[in-house]
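>>> one predicted model, sequence on top.
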Amino acid sequence: MAKIGLIGYGYWGRNLARNFQSNPAAVLARICDADPACLVRAEALQPGVRTTTRAEDLIEDASLDAIVLATPPATHFPLGMAALRAGKHLWVEKPIACTSEEAGLLVEEARRRKLVLMVDHTFVYAPVVRKIGELIRSGNLGSLYYYDSVRTNLGRFQSDVGVLWDLAYHDLAILDYLIDEQPSAVSAHGAAHWGTHDEVSYLSLTYPSGFHAHVHVSWLTPVKIRRVMLTGSKRMLLWDDLENTRKLEIYDHTIEPESGAGQLRINYRSGEIHSPWLDVSEPLQNAVSHFLECIETGAQPLTGGEAGLRVTRILERAQPVGNSQ
Ligand SMILES: NC(=O)c1ccc[n+]([C@@H]2O[C@H](COP(=O)([O-])OP(=O)(O)OC[C@H]3O[C@@H](n4cnc5c(N)ncnc54)[C@H](O)[C@@H]3O)[C@@H](O)[C@H]2O)c1
């Protein structure tokens, strides 16, 4: 059974604490947060877990097998590197680090020490993304044309990264899982209205096969939208993550050019719309179980440090116009 120390008990750290604590393969032994008010909450919600405001207390605790890092992005590299150097397996929240150089150093350190390094690409463990992966790999969608995502709401503003690194990161992690190629061209346009980081961004990716992805992310919209459309030559998908009963719809629609003499003619075919059954497991619980299995068996995580490194490389190529982040 892996003994876990959690650093960062903010919004996401509380979800991690709940999932590690309820997993029979783990013992959540210690929680650290620099803010004592967070620890008061931790002591109430996770009774019996020892708390501290000093991250070093957990990193130097020889009884812990793994550190789970849910602090702000700028702390991921220094705290993550210290945890690996202390011989701990590491779960690091997205983004793995704030530069690909730092991400590469974490990957190298984990590899050298034969430690598990997993980045929390939560959506990769979501039943809906697994289903989309199955549909792509079985050829059900045909050749992929494009992915279009809108991920907008009001806030939650991050202090050390912009919306591209915060929200578009999810799409890049999803694409890293779904698409077996890296983009050949990346561009982004963003705006920072009052902060130093982009609050709204539009990201475009072109892949060598001709596949395209377009991602619109914003912290400045009054309504929350989490919608992805994926168009293939045989079928089209609509994934609305805020939907409970029809999260994924598969449209049996195609558009085919008609060959023949003269001008281009298009055949539109509108077939059935089908919403597949999806298992209701919590993505974060699936991810936590996977991390614990990797510690137990020594297997490489599906979203290991290399996946985080690939995503940070794309984000670096996509620094939005007019933004310093
Ligand atoms: N995987 C996901 O879907 C998902 C969702 C939300 C957030 N996140 C990630 O989780 C991380 C945390 O985000 P959040 O929204 O929970 O932020 P948050 O600000 O709510 O929580 C961060 C916590 O870390 C603490 N902290 C900061 N520096 C520390 C240090 N040096 N030592 C100990 N504690 C420290 C803060 O006091 C705070 O309580 C970010 O990297 C974010 O991108 C991931």
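Sure thing, it's come through. Remember, predicted model here, so these are calculated numbers, not experimental data.
>>> any stretches of the protein with poor pLDDT?
Residues of the chain that meet the criterion pLDDT under 70 lie in 261, 320-325.
>>> quick one: the helices in it?
Applying DSSP state H to the chain gives helices spanning 11-21, 36-45, 55-59, 76-85, 100-113, 127-137, 163, 169-178, 283-297, 305-317.
>>> can you tell me how far the residue of the chain found nearest the ligand sits from residue 273?
Nearest to the ligand, among the residues of the chain, is residue 10, at 1.8 Å (C-beta to the nearest ligand atom). From N, CA and C alone the C-beta is placed, and that goes for glycine too. Distance of residue 10 to residue 273, given as C-beta to C-beta, to the nearest Å: 40 Å.
>>> now the strands for the stretch 101-250 of the chain?
For the stretch 101-250 of the chain, the strands defined by DSSP state E, counting those that start in this stretch cover 117-119, 144-154, 185-191, 200-206, 212-218, 220-232, 236-240, 248-258.
>>> output the ones you listed as JSON lines; include the columns distance to residue 111 and mean neighbour count.
What follows is the strands of the stretch 101-250 of the chain, written out as JSON lines (distance: least, C-beta to C-beta, whole Å; neighbours: other C-beta atoms under 10 Å):
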{"stretch": "strand 117-119", "distance to residue 111": "8", "mean neighbour count": "30"}
{"stretch": "strand 144-154", "distance to residue 111": "31", "mean neighbour count": "18"}
{"stretch": "strand 185-191", "distance to residue 111": "26", "mean neighbour count": "18"}
{"stretch": "strand 200-206", "distance to residue 111": "28", "mean neighbour count": "21"}
{"stretch": "strand 212-218", "distance to residue 111": "29", "mean neighbour count": "21"}
{"stretch": "strand 220-232", "distance to residue 111": "33", "mean neighbour count": "16"}
{"stretch": "strand 236-240", "distance to residue 111": "34", "mean neighbour count": "19"}
{"stretch": "strand 248-258", "distance to residue 111": "36", "mean neighbour count": "15"}
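>>> contact partners for the residue of the chain closest to the ligand?
Applying C-beta atoms under 8 Å, 6 or more residues apart in numbering to residue 10 gives the contacts 33, 38, 70-71.
>>> hang on, the earlier thing: give me whichever of the helices of the chain is most buried.
helix 163 (a mean of 28; mean count of other C-beta atoms under 10 Å).
>>> re the thing from before, do you know which of the helices of the chain lies nearest residue 194?
For the helices of the chain, the distance to residue 194 is smallest for helix 163, at 13.3 Å, taking C-beta to C-beta.
>>> other residues contacting the closest one?
Applying C-beta under 8 Å, 6+ apart, the contact partners of helix 163 are 190, 197-201, 217-219.
>>> hmm, try it at 6 Å
198-199, 201, 217, 219 (C-beta atoms under 6 Å, 6 or more residues apart in numbering).
>>> got the strands of the stretch 101-250 of the chain as a markdown table, with distance to residue 1 columns?
Shown next, in a markdown table, are the strands of the stretch 101-250 of the chain (distance: least, C-beta to C-beta, whole Å):
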| stretch | distance to residue 1 |
| --- | --- |
| strand 117-119 | 18 |
| strand 144-154 | 36 |
| strand 185-191 | 43 |
| strand 200-206 | 41 |
| strand 212-218 | 39 |
| strand 220-232 | 35 |
| strand 236-240 | 36 |
| strand 248-258 | 36 |
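>>> for residue 104, find the nearest of those strands.
Taking C-beta to C-beta, strand 117-119 is the member of the strands of the stretch 101-250 of the chain nearest to residue 104, at 11.7 Å.
>>> and the closest one, what does it pack onto?
Under the contact criterion of 3 or more C-beta pairs under 6 Å, 6 or more residues apart in numbering; DSSP states H and E, strand 117-119 touches strand 89-92.
>>> what is the strand it packs on packed up against?
By 3+ C-beta pairs under 6 Å, 6+ apart, strand 89-92 packs against strand 66-69, helix 76-85, strand 117-119.
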